[in-house]
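Chemist: from the sequence below, what's the structure:
(chains A and B)
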Amino acid sequence: MGREELWAQWERERPRAEDAIWDCAPGYELIPEVDVPLNHSWFLDGTHSCPPMDPFSVYEYWARGCGHGLKFINSFFSLPRSYGTEGRVREGAIYWAFYVVRDEKEIREREARFREALRPFLEDFDGIWEKHKHELQSMYQKILSFNPREARNIDYIHLHWDCIESIFRVWEIHFQGMQSSYSAWILLEEECKRRFGLDDKSEDFQDMLRGFDNEVYRVDREMWELAKTAVDMGLADVFKEKSAEELTSALQLSDRGKEWWQKFMNFLDVRGWRSISSISIADPYWLEQPSTPLRKIKDLIIKGEAMRKDYILDEKRKEFSAKREAAINKLLEKVPDADKAWFRSLINLAQRASSYSEEHDLLCEMTHFAVLRRSYLHIGEWLAKNGCIDRPEDVMFLISPEIEMCLLVPQRNDMRWITRRRRAQWEQWRARFAKEGEFRPPVYTDRSNIQEAIALDLLPTLDPIFIKIVVGELPSVSAEEIGADIVGICGCPGVAEGRARVVMQYMDLDQLQPGEILVCPQTSPEWTTAFSIAAGVIADRGGTLSHAAIIGREYGVPTIVNTFVACEKIKTGQRIRMDASKGAVYILDKEQ
Amino acid sequence: MEEKLIYWFEEIGKEYNDVVGKKCANLGEMTRMGLPVPPGFAISIEFYRRFLRESGAGDEMARYVEKMGDLKGRGIEVFEEMSRTLQGIIEEREMPPHLKELIIRCYEDLCQRVGIPDLAVSVRSAGTESRPGMFDTYLNVKGAEEVVRHVKKVWASAFTPRAIAFRAKKGIPILGDELGVGVVKMVRAKASGIGFTVDPVTGDTSKIIIEANWGLGEGVVSGAENVDKFVLDKGTLQILERTVGKKSKCVAMKEMGAEWIEVPREKQDIPCLNDDEILEVAKLAKHLEERFGRPQDMEWAIDEEMSFPEGLFLLQTRPAKFRSVSDQIAEKITELFRDLDLSKAVDKLKDIQFKF
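Modeler: This next block holds a predicted model:
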């Protein structure tokens, strides 16, 4: 064949723009015929992939960033049985596979390094976390110092690189605290179970580990103060009558309203860097969408929380810290003298697991996503202004190399053929998800079923993060065995009876009435105010270190987690009774 | 100028390890840091080499060792025979007069400094590497001639059968352990003992542990007798625990040397330290940990003839050997992740949930 002919053939055979495949995850596309032989089983990450994510979040943040963090942390700690976790992308979803170390000799070598790597965290967890917090804050400050009014094209590209670098680094920090404090929690749980028959669902165990303040609670407290101030300023009626969305303009109508708004803005200046989801940069943050915190404040006023003299957690914390010392001493009395010192030290560290779980959520996820979203909206504005994409938000349909390619000369790059196609696809998937629910397989595997896949390709890693998140949180008895209708595990002990309120998303939390039992899929920091209103909380997913369980303990609200089917079986309005210590839920009027 | 062969403790420090041996270098370092160690001087390793060279002992010993040939796999009787010969050579050779004069002059200076003629001193071995309990130390030595004689005895203690066997086994030259010698004012101890700024068993760093007995420190360090034990909180220095042991024996000074004696019946069951003394020892221990930046294992003694707290002396301090709490937890976590059995979880897992 002549050269001209070769070129013509090459031209005929190349992919066309119109039939290009979903191409937003180069190197990370899940290709079952390649990836399954490589690693047996790939599990759908339902928490972060429902509904399907935008390309930037799924690729840059989850597959590359989180995937790096998971591999980094296993190398960092030399986790004996795991090299880490790998991410793949398929149709807006992330799939994970686990690198199991199977060679016994290598496991022994890794154990020796694991012991060494853990030690600094056992010695000074707080000190390391303080240092990391400082690092995170300076990283965010640097990124937020970007000023679009003064920016040149080269400043945009540096902003982009700073953001990408932050994604990798934040995940490294994120998992260091998690791996070490969760390990301690699991050890304490196992030691208590083995020595004293006490597991982490029991009150005596949980009493040792609650009653601490942290950054997330401080934000909640400030909102409560704002609610109280609004009542004191005679604004309660405005909050009661107007919806969260209407409040912004309604408050501008009076001087007192304006004065309160100013206080609220001061609060947002500091606390408003907080994404409402920490899953995708498609979701707004508080400063951008003040109706989210306003809805919480409104709720505190309507439900009477703002009438309290003292903040509920301040009271609870006093009560729980007194109880905590007693619980610790009670346990230590049973511990032989030779083991007391390390046991006490272990309790201290396990106490960090709850606080860390909340604080890292705020600093590593919610704040980080707000910082990323703001930055990419700036980049999107710059690209849209130059005709490169249709609108600023469309930047989330581009990935790193594409952004790099067009940032310096956006006026001569037209990326709309890519962003339009990906947006259309994304919207189609989300519509399908809204209509049909999960439409993607839960696992790609060459094992015979999902249980076998979990048993052979996940559990042998013995990774504390996965043990806490995926494995160790299942009810030990069935509902029938204890005569209950639904069974879960105890997040916070206690008994409650009342009307059920099923709430599927936090935006609908205003329906929850005082004294009702909240039934929900799972909770996040946006749900926290509900714990001061509800008589009890039932969350279908989550373990003893999940948000619902941690917050349940701090508020002292009976909480059951990992019920799986509560949202489906319980109807709003039904009377239910819960005995959290047993994990039991009873539906009292089934006819309704 | 003549090379310096003897040093006052205040003239030396850690960096003199190879010049005067570890124990002397440490005593120097502690003196330099202003810690309350008893006064004294260090006879250098070079001094010992001079002695070997000028007395002819060195050549004789070298010839003898060469004649013995390869020692690998030889029985204990060979080492005993070598020990008798080598120790005999050192002890029988006269110390060259000018070397002897150096020791005598220093000893007399020390007596003068302290204001006590024929001052009682301990004559201590100091190798460049720590070999605990391997070489001899002589307590309560008085008079210049006796000091000189005991210096030679210390050198000779590098040639006990055990020490020779040890070096033969480790492939260290038989003549390889050359010792410095410390001549230290004897603390006429009413009571003495050890102090730990960490519980060596549990790794608890929040406590100070003091063990004490009547008399000289050897009565505690050897671990042979019941002693008193006091536990203090490191932060508040509050005394948390007092265990008074039945102290039936202790080490006391006699006219020359020291010996185990019976403790008088009325002193056996009462604490050998009062609260002020306990507190002062604890303060010293805490101070040492702060100065050295890590938990310490120290030896102390209280002089019966001096006023308190000036009479509290530090004899030795070193980093405490212990399994830290973090070590223990790290070990437990490692074991846990080796043995954790998750097989029961498998049949319950219908799906899995990720939340980082």
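Chemist: C-alpha only now, for contacts and for neighbours.
Modeler: OK.
Chemist: how many neighbours does A:Ala580 have?
Modeler: Residues lying near A:Ala580 (other CA atoms under 10 Å in any protein chain shown) number 28.
Chemist: now for the residue nearest to it when sequence neighbours are not counted: which residues touch it?
Modeler: Nearest residue to A:Ala580, sequence neighbours excluded (CA to CA, 6 or more residues apart in numbering or on different chains): A:Pro493, at 4.8 Å. A:Pro493 sits next to A:201-203, A:557-559, A:579-581 when contact means CA atoms under 8 Å, 6 or more residues apart in numbering or on different chains.
Chemist: taking the stretch 51-200 of chain B, what residue is nearest to chain A?
Modeler: Per CA to the nearest CA, B:Asp199 is where the stretch 51-200 of chain B lies closest to chain A, at 9.2 Å.
Chemist: ok, that residue to B:Phe322 distance?
Modeler: B:Asp199 sits 8 Å away from B:Phe322 when distances are taken as CA to CA, to the nearest Å.
Chemist: just A:Lys193 next, same as before
Modeler: 28 Å.
Chemist: and those two? Which one has more around it.
Modeler: B:Phe322 (17 against 14).
Chemist: ok, now which ones touch the residue nearest to that one when sequence neighbours are not counted?
Modeler: For B:Phe322, ignoring the flanking residues on the chain, the nearest one in space by CA to CA, 6+ apart is B:Pro200 at 4.6 Å. Taking CA under 8 Å, 6+ apart, we find B:Pro200 in contact with B:320-323.
Chemist: on the three-state scheme, residue 36 is what?
Modeler: Went with chain A since none was named. Three-state call for A:Val36 (DSSP: H, G, I helix; E, B strand; the rest coil): helix.
Chemist: that's the wrong chain, I meant chain B
Modeler: coil.
Chemist: and for the one 5 residues further on?
Modeler: Here B:Phe41 takes the strand state, with states given by three-state DSSP.
Chemist: now it: how far from A:Trp426?
Modeler: 85 Å.
Chemist: secondary structure element holding residue 129?
Modeler: Defaulting to chain A. Per DSSP states H and E, A:Trp129 falls inside helix A:125-144.
Chemist: that's the other chain; I wanted chain B
Modeler: Going by DSSP H and E, B:Glu129 is not part of any helix or strand.
Chemist: quick check: A:Glu402 vs A:Met415, distance?
Modeler: Counting by CA to CA - A:Glu402 and A:Met415 are separated by 8 Å.
Chemist: the strands in the stretch 301-450 of chain A, which residues?
Modeler: Taking DSSP state E, counting those that start in this stretch as the test, the strands found in the stretch 301-450 of chain A are A:443-445.
Chemist: wait, isn't B:Gly219 in contact with B:Cys250?
Modeler: Yes - using CA atoms under 8 Å, B:Gly219 is in contact with B:Cys250, at 5.2 Å.
Chemist: shared neighbours of these two, anything?
Modeler: B:213, B:225, B:260.
Chemist: what about the last one, which SS state?
Modeler: Per three-state DSSP, the local secondary structure of B:Trp260 is strand.
Chemist: any idea how far stretch A:48-59 is from the chain center?
Modeler: Counting by CA atoms, centre = their mean, to the nearest Å, stretch A:48-59 is centred 14 Å from the centre of its parent chain.
Chemist: quick one: contacts of that stretch?
Modeler: A:24-25, A:28, A:89, A:91-94, A:279-282, A:396-400, A:422, A:426, A:429-430, A:433-434, A:438, B:354-355.
Chemist: can you list the domains in the chain?
Modeler: Unless you meant another one, I'm taking chain A. A:22-123+A:410-472, A:215-326, A:473-587 (automatic domain parsing).
Chemist: ah, I was thinking of chain B
Modeler: According to automatic domain parsing, the ranges for chain B are B:6-185, B:189-325.
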